[in-house]
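A.B. asks: fold the stuff below for me.
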Amino acid sequence: MKDLAKRFPDNPILLPKDIASSDNGLQVICLLNPGVFRFKGKIWLLVRVAESIAQKEGFIFFPVMNEMGKLEIIEVPLNDPDLIGSDARVRNYKGLDYLTTVSHLRLLSSTDGISFTEEPEYAGLFGMGELERFGIEDCRVVEIEGVFYLTYTAVSDSGVGVGLRTTTDWKSFSTPVMMLPPHNKDCAIFERKINGKFYAIHRPSSKEIGGNFIWLCDSTDGLQWGNHKCIIKTRPEMWDSARVGAGASPIWTKQGWLEIYHGANADHRYCLGAFLMDLNNPSIILGRTEEPIMAPTESYELSGFFGHVVFTNGHVVDGDKLTIYYGAADEFVCGAEFSIAEIIKKTLENN
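C.D. replies: Numbers count the residues shown, from 1 in each chain. Predicted coordinates for the structure are as follows:
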């Protein structure tokens, strides 16, 4: 079945070789999952850059940040009996989980939305403090009343939580705070307040009970969040049977708040879908797509660091045109266009 995406003919628009590493001793393994925003008349990507050191036969390396913000490398023989797992992204060693790469965020700008370059005066963002020592990942960006809110995955040996920073000029940033503690990720703040309150969706999870579901919360100040409610669950035997999570900020439309989300099945195949929320009470779900609006079908989506993946946490809106920037196969940055009206129609077809 053909999906709704009109992929950029130039995909992938960014490859690992297009970005210089942050240190001479590192190499860029993946570029993926950019946050997206408009600033100074340009479209900007806040790209996740995943790095490691060159692998040596018979060994695996875990890069981590120490308390001083300096990178340290843990070297482990592949035949070590305390090394568990075959996932390219994470391994367990001596009872602790480690990422095989460490990520930071890099700013790139474009005048046409297709060709992106770094601007030297805008520096990258790196993990800070003990709660971000394994890196920061997958940032969502939203501008509310002149302030940009950055929500991202903060990773450490204490767990995976949601970090929050703010900026007005992209040169100076607020001190990072843990907006939502582990285990939580995929957090997107709504692009407008509702009845004077901030709203956000997020994805807490547990290995023991429940599942990887999408929740809603609100805040009076954008810092302290409460009134949590589960609003979207996985669906057995469907494309989103194993986990669901937010994409970028929900989009205000006359019909409701439109959210593009990702879903995965037990085989770790990631697709995009959509659901529609009530404008005044977003805990009310008005509709949800039965089939994906985008599925991994192209070669650059099927094969890469972690194949069969399309994953978004950034977009721009121009009238009915929704341009989604997405990570493909956990290695490349790509773009695709959609019709908002067409997506909304799909969310309401079975309601």
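
A.B. asks: bridge partners for residue 317, pull those for me.
C.D. replies: residue 322 (DSSP bridges).

A.B. asks: flag every buried residue along the longest helix seen in the chain.
C.D. replies: For the chain, the longest helix by residue count, based on DSSP state H, is helix 340-348. Going by neighbour count (16 or more other C-beta atoms under 10 Å), the buried part of helix 340-348 is 340, 343-344, 346-347. In this view, the C-beta of every residue, glycine as well, is placed from N, C-alpha and C.

A.B. asks: and what of stretch 332-339?
C.D. replies: Using 16+ other C-beta under 10 Å as the test for burial, stretch 332-339 gives 332-338.

A.B. asks: in helices only, show me those residues.
C.D. replies: Among the buried residues of stretch 332-339, no member lies in helices (by DSSP H).

A.B. asks: which among these gets closest to residue 227?
C.D. replies: residue 338 (30.9 Å; C-beta to C-beta).

A.B. asks: you'd agree the closest one is up against residue 325?
C.D. replies: No. Using C-beta atoms under 8 Å, residue 338 is not in contact with residue 325, being 12.0 Å away.

A.B. asks: just give the closest residue to residue 51, not the sequence neighbours.
C.D. replies: residue 26 (4.3 Å; C-beta to C-beta, 6 or more residues apart in numbering).

A.B. asks: residues near that neighbour, how many?
C.D. replies: Residues lying near residue 26 (other C-beta atoms under 10 Å) number 19.

A.B. asks: isn't it up against residue 71?
C.D. replies: Yes. With contact defined as C-beta under 8 Å, residue 26 counts as touching residue 71 (7.5 Å).

A.B. asks: overlap of the contact sets of the two?
C.D. replies: Counting by C-beta atoms under 8 Å, 6 or more residues apart in numbering, the contacts common to residue 26 and residue 71 are residue 63.

A.B. asks: where does the stretch 151-300 of the chain have low pLDDT?
C.D. replies: Applying pLDDT under 70 to the stretch 151-300 of the chain picks out residues 207-208.

A.B. asks: circling back to that earlier point, counting contacts, what elements does the longest helix of the chain pack onto?
C.D. replies: strand 251-253, strand 256-264, strand 270-277, strand 285-288, strand 321-328 (3 or more C-beta pairs under 8 Å, 6 or more residues apart in numbering; DSSP states H and E).

A.B. asks: for the third one, the distance to its chain's centre please.
C.D. replies: Think strand 270-277. Remark: strand 270-277 is offset 14 Å from the chain centroid, using C-alpha atoms, centre = their mean, to the nearest Å.

A.B. asks: just give me the closest of the buried residues of helix 340-348 to residue 209.
C.D. replies: Among the buried residues of helix 340-348, and counting by C-beta to C-beta, the member closest to residue 209 is residue 347, at 29.1 Å.

A.B. asks: Throw the buried residues of stretch 332-339 into JSON lines and include distance to residue 202 and pLDDT, thanks.
C.D. replies: Formatted as JSON lines, the buried residues of stretch 332-339 follow (distance: C-beta to C-beta, whole Å; pLDDT from 0 to 100):
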{"residue": "332", "distance to residue 202": "26", "pLDDT": "97"}
{"residue": "333", "distance to residue 202": "24", "pLDDT": "98"}
{"residue": "334", "distance to residue 202": "25", "pLDDT": "98"}
{"residue": "335", "distance to residue 202": "25", "pLDDT": "98"}
{"residue": "336", "distance to residue 202": "25", "pLDDT": "98"}
{"residue": "337", "distance to residue 202": "27", "pLDDT": "98"}
{"residue": "338", "distance to residue 202": "24", "pLDDT": "98"}
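
A.B. asks: quick one: contacts for residue 196?
C.D. replies: Residue 196 neighbours (C-beta under 8 Å, 6+ apart): residue 220.

A.B. asks: what is residue 257 paired to in the beta sheet?
C.D. replies: Beta-bridge partners, per DSSP bridges, of residue 257: residue 252, residue 277.

A.B. asks: got the contact list for it?
C.D. replies: By C-beta under 8 Å, 6+ apart, the residues touching residue 257 are 190, 250-251, 276-279, 282.

A.B. asks: closest to residue 261 out of those residues?
C.D. replies: When the contacts of residue 257 are compared against residue 261 (criterion: C-beta to C-beta), the nearest one is residue 250, at 9.8 Å.

A.B. asks: pull up the gap between residue 155 and residue 120, please.
C.D. replies: Note on residue 155: its distance to residue 120, by C-beta to C-beta, to the nearest Å, is 27 Å.

A.B. asks: tell me which of the two has more neighbours.
C.D. replies: residue 155 (27 against 5).

A.B. asks: now the spatially most central residue of the chain: phi and psi?
C.D. replies: Geometric centre of the chain, nearest residue: residue 138, 3.3 Å, by C-alpha atoms, centre = their mean. Backbone torsions of residue 138, given as degrees, to the nearest 10, read phi 50, psi 60.

A.B. asks: perfect, I'm done here.
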